[in-house]
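In: Sharing a sequence plus its predicted fold:
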Amino acid sequence: MADRAPRLSRRADPASPAPIPGRRERVAARPFQEYPAMFHRILVAAAAAFAFAATAQAAPLQATGGIFDGTAYGNRYSGPGGATPVFNQPLGAVYDGGNGAFDVFGFYNQGTAGLAQTRQVDLLTGNVFRFFDTFTNTGTQAVSTTLGFFGNLGSDGDERVGTAQGGLVVTCQDDGNGACAEDPVLALVSGNNGLGRAAIAPDRYTVGYTVSLAPGASLSLLNYAFLASDDAGPTAADLALAFDTGRGLLSAPRLEGLSAQQIASIANFDLQSVPEPGSLALVLTGLGLLGRRIRRHRRAG
């Protein structure tokens, strides 16, 4: 048998050192063109990571409490109106609210002389702030006044008002090109019976309620502020949501957590067609019993 030629190692240079057992030899780097499948996988992974990050940034905004109770900020305030004696901070007002929606919002800054005021301010589910204020004439003479509900919006004057009629104001910060930017879109609701007169000029939201109260008489006023935005800023969908939510609050104001006596005292909403929470529960219970009786009758037949 003829002798075989000796096999050469990959190291053609006989002067190069012998490989060390257990150590992998380095291979010269190859351009990406030689690894098309690997390059494709890298691009796909990078695109997926970018898409995930974009989705995370588009998460809906969750309103923060920011309701001032005299010492701290939270999701609720119940107590007198007015302001703190030292720094004149309005009790029950909302600071920020989420993504800079407000500088300070939701208090009465005029027309309260001669009246006692109590407040219940809540952050409800769905990014809705509710302001329930009761005014009582504690004097011996009738009081006629215009109560001024006030809010300093976070837009710093760059306000784009989508609508301001019928007790609903939808507004946002203008990006300079007629679109909403940065701060959340706001739906501000001041009543559905024409008692309130709302306006914005330029980033000061005001509602005037002209009322008359006999000695010992009381009335309550109900206001709402809804915030719509993604964490990264408002979109066209948020603007549409603000319109829909504002209209919904006009036709069916959210009354959960208010007593029947509180609801009966509301002066700026026509609530004749809005069932009280307790009444609505009774109606639903009655419908359930009626449906059960009909099913039994059909089975018996």
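Out: All right, it came through fine.

In: Double-check that Ala237 belongs to a helix.
Out: Yes. Using DSSP: H, G, I helix; E, B strand; the rest coil, the secondary structure at Ala237 is a helix.

In: Could you check how many residues crowd around it?
Out: 12 (other Cβ atoms under 10 Å). Every C-beta, even on glycine, is put in place using the N, C-alpha and C of the backbone.

In: Over to Pro184?
Out: 28.

In: go on, the one 4 residues further on?
Out: The burial count assigned to Leu188 is 27, neighbours taken as other Cβ under 10 Å.

In: In this model Leu227 seems to touch it, though I could be wrong.
Out: No. The pair Leu188 / Leu227 is not scored as a contact, 10.3 Å apart, by Cβ atoms under 8 Å.

In: what about Gly194, distance to Thr84?
Out: Using Cβ to Cβ, to the nearest Å, one gets 34 Å for the distance from Gly194 to Thr84.

In: now do Gly246
Out: For Gly246, the distance to Thr84 - Cβ to Cβ - is 31 Å.

In: Show me which of these two is the more surrounded one.
Out: Gly246 (25 against 12).

In: Now do the same for the more buried one: helix, strand or coil?
Out: Quick answer, by three-state DSSP: Gly246 is helix.

In: Now do the contacts for it.
Out: Each residue near Gly246 by Cβ atoms under 8 Å, 6 or more residues apart in numbering is listed here: 168-170, 187-189, 226.

In: Buried ones from these, can you make that a PyMOL selection?
Out: Per 16 or more other Cβ atoms under 10 Å, the buried members of the contacts of Gly246 correspond to this PyMOL selection:
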select buried, resi 168+169+170+187+188+189+226
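
In: So which of the contacts of Gly246 are in strands?
Out: Applying DSSP state E to these, the entries found in strands are 168-170, 187-189, 226.

In: and which of those is nearest to Asn109?
Out: Leu188 (15.9 Å; Cβ to Cβ).

In: any idea how far the closest one lies from Thr206?
Out: Counting by Cβ to Cβ - Leu188 and Thr206 are separated by 11 Å.

In: same deal with Thr171?
Out: From Thr171 to Thr206 the distance is 13 Å (Cβ to Cβ).

In: what touches both of the two?
Out: Here Thr171 and Thr206 share the contacting residues Ile200, scored by Cβ under 8 Å, 6+ apart.

In: Look at those two and report which has more neighbours.
Out: Between Thr171 and Thr206, Thr171 has the larger neighbour count (other Cβ under 10 Å), namely 24 against 17.

In: In the chain, where is pLDDT below threshold?
Out: 1-58, 273-301 (pLDDT under 70).

In: Now do the helices in the protein.
Out: 36-57, 236-251, 260-264, 277-300 (DSSP state H).

In: So which bits of the third one are buried?
Out: So that's helix 260-264. Ile263.

In: Show me how far that helix is from its chain's centre.
Out: Here helix 260-264 is found 26 Å from its chain centre; the criterion is Cα atoms, centre = their mean, to the nearest Å.

In: Kindly report the same for stretch 194-202.
Out: On Cα atoms, centre = their mean, the centre of stretch 194-202 falls 21 Å from that of its chain.

In: again, but for stretch 160-174
Out: So, by Cα atoms, centre = their mean, the centroid of stretch 160-174 is 16 Å from its chain's centroid.

In: Give the buried residues for that stretch.
Out: So stretch 160-174, judged by 16+ other Cβ under 10 Å, has buried residues 160, 162, 167-174.

In: So what touches it?
Out: Residues contacting stretch 160-174 (Cβ under 8 Å, 6+ apart): 153-155, 158-159, 178-194, 196, 198-200, 205, 234, 239, 242-243, 246-247, 250, 268.

In: among those, which ones are buried?
Out: Buried, going by 16+ other Cβ under 10 Å: 153-155, 158-159, 180, 182-192, 196, 198, 200, 205, 234, 239, 242-243, 246-247, 250, 268, out of these.

In: Please tell me how far Leu168 sits from Ala240.
Out: Taking Cβ to Cβ, one finds Leu168 at 14 Å from Ala240.

In: cool, Thr146 as well?
Out: 34 Å.

In: Likewise for Thr125?
Out: 20 Å.

In: okay, these two: which has more neighbours?
Out: Ala240 (13 against 9).

In: How about the contacts made by that one?
Out: Here Ala240 is in contact with no residue (Cβ under 8 Å, 6+ apart).

In: shift numbering so it begins at 704
Out: Understood, numbering begins at 704; the last thing we discussed is Ala943.

In: ok, it to Ala928 distance?
Out: When distance is defined by Cβ to Cβ, Ala943 is 18 Å away from Ala928.
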